[in-house]
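> Quick check, what structure comes out for this input:
(one chain, ligands or ions: 1)
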Amino acid sequence: MSDNHPQLNHIYHGDARQVLQSFEDESIDCVVTSPPYFKQRDYAGKGQIGREKKPQQFVDALVGTFSEVHRTLKSTGTIWVVLGDKYDKGRLLGTPWRFALAMQDAGWILRSDIIWHKPNAMPSSVKTRPTTDHEYVFFFTKSQDYYYDADAVREPHVTFSENSKMMGGRNHFNKRGGTPEQGKNSGNNNLHDARWDQAFHPKGRNKRTVWSIPLSKFREAHFAVFPEKLVETCILAGSPEQGVVLDPFFGAGTTGVVAERLNRSYVGIDCNADYCEMARRRIDSNASPLFK
Ligand SMILES: C[S@@+](CC[C@H](N)C(=O)[O-])C[C@H]1O[C@@H](n2cnc3c(N)ncnc32)[C@H](O)[C@@H]1O
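Below is the predicted model:
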């Protein structure tokens with residue numbers, strides 16, 4: 001526990017478990033991160049996670065890191081964790097779900113399991129099972145009463161077109177009796193809130209749990225960076241403007257790039273000094289000239 005407010009728009013070099021100990025309680029609004037995957041890659045940083053021998057040890061290391069995150073997160077805070085699975089001798093390990101269940105046991109509230117569908121996932125030669133083209137985004141909160149801006153992340157309606165005849169379609173907007181609830185069908189039990197949201201909400205329907213977002217590349221990084229679009233969705237839904245967004249596994253700094261663009265502050269941590277520098281350069285080159 002510490003009284004230090006984390007330095008904003010700053011990248012800390014070190015093991016997230018240690019660096020987080022220096023942050024004061026409840027100073028973070030939102031966490032968006034993709035931790036190292038189990039046995040995927042050597043990031044060559046002191047204290048790096050992902051090189052454990054057994055999946056359970058990996059899960060324990062991650063959950064331990066997020067326990068420190070829990071203390072630094074505001075009670076209204078949200079966290080979004082991207083994780084992919086892995087096969088070991090032909091057996092799918094189920095690591096993402098082992099992690100999600102261990103997080104629940106540690107006191108986190110699991111609010112959504114989101115499938116990140118990758119339309120441009122690497123082809124594979126496997127012929128005895130489907131080719132994997134998804135990862136998970138787990139959305140956790142610390143309390144039942146948390147920040148969530150559904151309107152910021154609505155998606156286009158697909159069920160009814162603009163010209164749909166059903167209840168006058170959406171042409172009724174801004175007209176007297178213009179919603180299903182107010183119009184000639186008011187009182188109709190079928191036209192409850194969910195139906196209204198599904199078919200008529202002017203900003204689109206509520207965000208769904210399958211997100212189809214292509215993988216993106218960042219030239220300088222020798223590892224997968226997560227797509228800006230994915231980070232954008234989590235930040236818009238899960239943090240207020242001017243809020244503080246933490247990524248304890250910062251890598252090439254995608255969370256920082258997007259947080260700045262969306263008028264939030266970021267705090268990054270990475271155990272590899274070269275990556276900290278690379279992220280710094282990337283964020284500086286993305287910043288508006290006014291802020292350079
Ligand atoms: C999958 S990469 C993150 C990529 C990032 N989301 C991006 O878009 O660039 C995981 C990162 O976690 C870092 N890392 C691994 N163990 C760590 C630890 N204990 N503390 C802090 N960073 C760690 C690695 O150095 C690596 O940069």
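
> hang on, residue 65 is in a strand, isn't it?
No. Assessed by DSSP: H, G, I helix; E, B strand; the rest coil, residue 65 does not belong to a strand; its assignment is helix.

> Tally up the residues packed near it, please.
Look at residue 65: counted by other CB atoms under 10 Å, it has 20 neighbours. Glycine gets a C-beta too; all of them are placed from N, C-alpha and C.

> Now do the same contact list for it.
16, 17, 20, 35, 49, 248 (CB atoms under 8 Å, 6 or more residues apart in numbering).

> Give me the distance between it and the ligand.
Computed as CB to the nearest ligand atom, to the nearest Å, the residue 65 to the ligand distance reads 7 Å.

> pLDDT wise, what is residue 92 at?
pLDDT recorded at residue 92 is 96.

> State the distance from the spatially closest residue to it that is not a sequence neighbour to the ligand.
Leaving aside its chain neighbours, residue 92 sits nearest to residue 85 (5.9 Å; criterion: CB to CB, 6 or more residues apart in numbering). The gap separating residue 85 from the ligand is 14 Å, by CB to the nearest ligand atom.

> What sits closest to the most centrally placed residue in the chain if chain neighbours are left out?
Nearest residue to the geometric centre of the chain (CA atoms, centre = their mean): residue 80, 3.6 Å. Leaving aside its chain neighbours, residue 80 sits nearest to residue 234 (3.9 Å; criterion: CB to CB, 6+ apart).

> Convert the host helix or strand of the one you found to PDB, retaining C-alpha atoms only.
Using DSSP states H and E, residue 234 falls within helix 228-238. C-alpha atoms of helix 228-238 as PDB (Å, rounded to 0.1, in the frame of the first residue of the first chain):
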ATOM      1  CA  GLU A 228      -6.700  -0.300 -31.500                       C
ATOM      2  CA  LYS A 229     -10.400  -0.900 -32.300                       C
ATOM      3  CA  LEU A 230     -10.600  -3.600 -29.500                       C
ATOM      4  CA  VAL A 231      -8.900  -1.300 -27.000                       C
ATOM      5  CA  GLU A 232     -11.100   1.600 -28.100                       C
ATOM      6  CA  THR A 233     -14.300  -0.400 -27.300                       C
ATOM      7  CA  CYS A 234     -13.100  -1.300 -23.800                       C
ATOM      8  CA  ILE A 235     -12.000   2.300 -23.000                       C
ATOM      9  CA  LEU A 236     -15.200   3.900 -24.300                       C
ATOM     10  CA  ALA A 237     -17.500   1.600 -22.500                       C
ATOM     11  CA  GLY A 238     -15.400   1.200 -19.300                       C
END
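
> what does it rub up against?
Counting by CB under 8 Å, 6+ apart, 29-30, 32, 78-80, 82, 116, 137, 139, 147-150, 152-153, 207, 211, 213, 216, 245, 254-255, 257-259, 262, 264 sit against helix 228-238.
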